[in-house]
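> Starting from these lines, generate the structure:
(chains A and B)
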2 protein chains.
Amino acid sequence: MTTIADVVTRDIRFPTSRTLDGSDAMNPDPDYSAAYLAIRTDAGDGLEGHAFVFTIGRGNDVQVAAIDTLREHLVGRDVEELLGDMGAASRVLMTDSQLRWLGPEKGVMHMAIGAVVNALWDLRAKRAGEPLWLHLARLSPEELVSLVDFRYLSDALTPAEALAILRAAEPGREERIATLLELGYPAYTTSPGWLGYSDEKLERLCREAVADGFPQIKLKVGADLDDDRRRLAIARRAVGPGYPIAIDANQRWDVADAIAWVRALAEYELAWVEEPTSPDDVLGHAAIASGIAPVRVATGEHVQNRIVFKQLLQARGMDIMQIDAARVGGVNENLANLLLAAKFGVPVCPHAGGVGLCEAVQHLSMFDFVAVSGTMEGRMIEYVDHLHEHFVTPVVIERGRYLAPTAAGAGTEMLAASIETHTWRGAHAEATA
Amino acid sequence: MTTIADVVTRDIRFPTSRTLDGSDAMNPDPDYSAAYLAIRTDAGDGLEGHAFVFTIGRGNDVQVAAIDTLREHLVGRDVEELLGDMGAASRVLMTDSQLRWLGPEKGVMHMAIGAVVNALWDLRAKRAGEPLWLHLARLSPEELVSLVDFRYLSDALTPAEALAILRAAEPGREERIATLLELGYPAYTTSPGWLGYSDEKLERLCREAVADGFPQIKLKVGADLDDDRRRLAIARRAVGPGYPIAIDANQRWDVADAIAWVRALAEYELAWVEEPTSPDDVLGHAAIASGIAPVRVATGEHVQNRIVFKQLLQARGMDIMQIDAARVGGVNENLANLLLAAKFGVPVCPHAGGVGLCEAVQHLSMFDFVAVSGTMEGRMIEYVDHLHEHFVTPVVIERGRYLAPTAAGAGTEMLAASIETHTWRGAHAEATA
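As a prediction, this is how the structure comes out:
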């Protein structure tokens, strides 16, 4: 019997605040970080399951401590049994009643569960010798349904409805796999639009984005309306009329402010407005969506779980669902989110960037294309060109598209040297480095 | 200048799972715990600010680690300045953008902020020589409004509206203070109703509750419908017709289940149904409330912040607001919650029990009576008779009422001996103890 021998965690931080990469209206100085784990077995095959929670610096140690509490559910477990029923594996973590109290199903503890679930999927895909997207895309509709926790969803999505969605997408799976391997998946870029960048840098990066073949760019907004107008004017001139520009307010506004601010920017032709207000405010999103239509509302990177996504769809508060690979309860809960989006006919355009989020979430969009929504129409994955060099299988972007990964696993394994170099040893060690 | 010299944290756990105290449909074996902190100054007056996050066991160490991350915002700060503007003190913690990423405003990190805010209030009240409820009740409406973070609330409650509510309650404050000191505040008891208790124990405790003068009892439900019917029949016979019995499902149901289950129990005359579904499901609560009317819906012990409370009120998903002293961002955010409840005309009946939640939350209800709602009509504070002996100023219950505390502080300081005895030193130490 192969068992889980150990779960090793690391507090990994990158000093990105020094260059203002990633600066926006709510997050002026992020230090992109990963609360990282590796699941080791006694198989002797060298395969490990790696994953992480993405944070932006302080508190990454708390996130690591949360992952550590889950060790006892893993160490000593039969690997075949655990990986053979990933629905059950996820439920064991989600229903630890003492740990559940710390959420429930939200925040630090929930993200920790998500990272463990993702690490188990990385291990399973590696053992199967397949990239995660392909591995998921070849599961039967029945097995996929067994992965989802339908608790609190049944008023919007039942197991039978989920099964029907997946069965409807079964024909053509192999064709779509071939399409992905040939053409990849569309990407859009946020790299030009960080608030901390100068106008000159903004303009140059906008032109480069178009030249590089990206079908859309995104700008951070929400700190100052005059600045936003100036920066949007620069961007619009740089990319030309008709080219899609999305904006991202990073939760900066109350409802009335959001409506007024977006209306004041509407002349710049907005592809969507992202995170106009608190990710917890379903009714606020609905009011904003109806107040700024036809400009669309996108949200999700901070949506805590499937229950909030469900309501955003029920209330028509979200025109575009932006799942995040490391915010919710891992692949399993994101499968629930993809099914909800399919049920409500809303496109999924994942949040990415940070550390490793591009590497992770591309698998979910590609799986969605093959086995759930069956389309790339109106879909794109965010792309930010930071920190990919630290991953064993970094994303490959060509002509504005994510190439489909072919290496086995979930894409979430960092290079051993990067782990070693960027393990956080406290503020003092950093200051004297 | 007096400064904050240190913030000391402790992981405190009580092995309550051995007796099934606190057992319900979602939490079969809680070990009531406190992620505890003490704020020390260099004043030399012996006064410290104490508070805690209540958890139910595993993960309490993660909660302590989260509190530890906030030390750097406190140590070395000028105490007069910090305590003199508690609105600013709270905002500093809430707007640490790197820590905010771990929520935002929810779960482990948010509860940690709440504990620190509460500890600062404990210190401030002790320095003023007043019990917290009285200290708050004598602040001007303007100062009270300055404590509230109105971000994401302005579509439901503006600072001007909050000020109007507080000003309307200014006349009669001193009279209501005298009333409280004379009569105390109504309590209801959950002690009879834990799922793990035998029928005989249930019946005996129901009779005792009536004899002790409590105006209401509450039973845990939701694990098995037949059991619930049997236990409610026993309870109803024990307390007699007309006596209020509330039930608590602890998030057990989906929307349709909740409606069917509660309808099946309606013959037992239900005072309210508590936590029928996920605390995140605003729209679900609204559907349940309209599906089970005239039975009322109560919720709040797991409501993560003021933004979700706002929506529960907007959507008419909550007939009774059950604030919890240790779930949200402390006294300041609970002041926002009390103001929202007053605006929407919903009574506040706090969640309590656990470790120290009764000691803490009584101050908020008493403050609400004096300075916000101005009434005790339809209001009660939950009471559970566990673990009070560990506090320096334990609650005093007489004839089913909380007597108004007169000792200085927020009630949240544990006895040094209890802290020492119950500090968790790991599962191994516990097993061999």
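> can you tell me how far the closest residue to A:H50 other than its chain neighbours sits from B:E377?
Distance criterion CB to CB, 6 or more residues apart in numbering or on different chains; nearest residue to A:H50, sequence neighbours excluded, is A:E413 at 3.9 Å. Placement of C-beta: from N, CA and C, glycine included. Here the criterion is CB to CB, to the nearest Å. By it, A:E413 lies 61 Å from B:E377.
> Of the two, give the one with the bigger neighbour count.
More crowded of A:E413 and B:E377, by other CB atoms under 10 Å in any protein chain shown: A:E413, with 25 against 9.
> quick one, phi/psi of that one?
phi -90, psi 130 (degrees, to the nearest 10).
> Spit out the contact partners of the residue nearest to A:H50.
A:48, A:50, A:122, A:391-393 (CB atoms under 8 Å, 6 or more residues apart in numbering or on different chains).
> one more time with 7 Å, if that's ok
Applying CB atoms under 7 Å, 6 or more residues apart in numbering or on different chains to A:E413 gives the contacts A:50, A:122, A:391-392.
> what does A:L180 give?
A:L180 touches A:366, A:369-370, A:404, counting by CB under 7 Å, 6+ apart.
> residues near the single nearest residue of the stretch 1-150 of chain A relative to chain B, how many?
Chain B sits closest to A:G107 of the stretch 1-150 of chain A, with a gap of 1.8 Å, by CB to the nearest CB. Neighbour count of A:G107, defined by other CB under 10 Å: 27.
> next one: A:L166
Around A:L166 there are 21 residues (other CB under 10 Å).
> in what helix or strand does it lie?
Counting by DSSP states H and E, the element that carries A:L166 is helix A:159-168.
> Is that helix in proximity to chain B?
No. Contact between helix A:159-168 and chain B is absent, the nearest approach being 12.0 Å (criterion: CB under 7 Å from any CB of the partner chain).
> the strands in chain A, which residues?
Remark: strands assigned in chain A by DSSP state E are A:4-13, A:33-41, A:48-55, A:185-193, A:217-220, A:245-248, A:270-274, A:297-299, A:320-321, A:381-383, A:397-398, A:401-402.
> tell me what the last one is packed against?
I take that to be strand A:401-402. strand A:185-193 (3 or more CB pairs under 7 Å, 6 or more residues apart in numbering or on different chains; DSSP states H and E).
> And the lowest mean pLDDT element among the helices and strands of chain A?
None of the helices or strands of chain A scores lower by mean pLDDT, DSSP states H and E than helix A:427-431, at a mean of 62.
> Just the CA coordinates for stretch A:97-109, please, in CSV.
Only the C-alpha atoms of stretch A:97-109 are listed here, as CSV (Å, rounded to 0.1, in the frame of the first residue of the first chain):
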residue,chain,number,x,y,z
SER,A,97,-16.4,20.6,12.2
GLN,A,98,-13.8,22.1,14.5
LEU,A,99,-11.9,23.7,11.6
ARG,A,100,-15.2,24.6,9.8
TRP,A,101,-16.0,27.0,12.7
LEU,A,102,-13.1,29.2,11.5
GLY,A,103,-15.0,30.0,8.3
PRO,A,104,-17.2,28.4,7.6
GLU,A,105,-16.1,27.9,4.0
LYS,A,106,-14.3,31.2,3.8
GLY,A,107,-11.1,33.0,4.4
VAL,A,108,-7.8,31.5,5.6
MET,A,109,-9.1,28.0,6.6
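> And A:S191, what's its pLDDT?
The model reports A:S191 with a pLDDT of 85.
> From chain B, how far off is A:E377?
28 Å (CB to the nearest CB, to the nearest Å).
> ok, now which ones touch the nearest residue to that residue once chain neighbours are set aside?
Spatial nearest neighbour of A:E377, excluding adjacent residues (CB to CB, 6+ apart): A:P347 at 7.5 Å. For A:P347, the contact set (CB under 7 Å, 6+ apart) comprises A:320, A:378-379.
> pLDDT value on the residue lying closest to A:E80 once chain neighbours are set aside, please?
Nearest residue to A:E80, sequence neighbours excluded (CB to CB, 6+ apart): A:T2, at 6.5 Å. The score at A:T2 is 97. That number is its pLDDT.
> And the most centrally placed residue in chain A, what's its pLDDT?
Chain A has A:D324 as the residue nearest its centroid, 2.1 Å off, counting by CA atoms, centre = their mean. Reported pLDDT at A:D324 in the predicted model: 98.
> again, but for A:A433
A:A433 is assigned 47 on the pLDDT scale.
> what does the stretch 51-200 of chain A have sitting close to chain B?
So far as CB under 7 Å from any CB goes, the stretch 51-200 of chain A lies against chain B at A:55-59, A:61-63, A:65-66, A:69, A:96-99, A:101-104, A:106-110, A:151-152, A:154-155.
> Now the residue in the stretch 301-433 of chain A that chain B sits nearest to. Nearest residue, chain neighbours left out?
The stretch 301-433 of chain A approaches chain B most closely through A:I307 (4.4 Å), counting by CB to the nearest CB. Distance criterion CB to CB, 6+ apart; nearest residue to A:I307, sequence neighbours excluded, is B:D280 at 4.4 Å.
> what's the burial count for the nearest residue to A:M366 once chain neighbours are set aside?
Leaving aside its sequence neighbours, A:M366 sits nearest to A:W133 (CB to CB, 6+ apart; 3.8 Å). Residues lying near A:W133 (other CB under 10 Å) number 27.
> Could you do A:F344 as well?
17.
> Who are the contact partners of it?
So A:F344 contacts A:L313 (CB under 7 Å, 6+ apart).
> so where's the longest helix in chain A?
helix A:107-128 (DSSP state H).
> Name the residues of that helix that are buried.
Buried residues in helix A:107-128, defined by neighbour count with 16 or more other CB atoms under 10 Å in any protein chain shown: A:107-127.
> Could I get the average pLDDT for it?
On average, helix A:107-128 scores 98.
> any low-confidence regions in the stretch 201-350 of chain A?
Within the stretch 201-350 of chain A, no stretch falls below the threshold (pLDDT under 70).
> what does it put close to chain B?
The stretch 201-350 of chain A comes close to chain B at residues A:254-256, A:277-278, A:280-284, A:287, A:302, A:304-305, A:307-308, A:311, A:314-315, as judged by CB under 7 Å from any CB.
> Help me confirm that the residue of the stretch 301-433 of chain A closest to chain B comes into contact with A:R151.
No. Using CB atoms under 7 Å, A:I307 is not in contact with A:R151; the gap is 8.8 Å.
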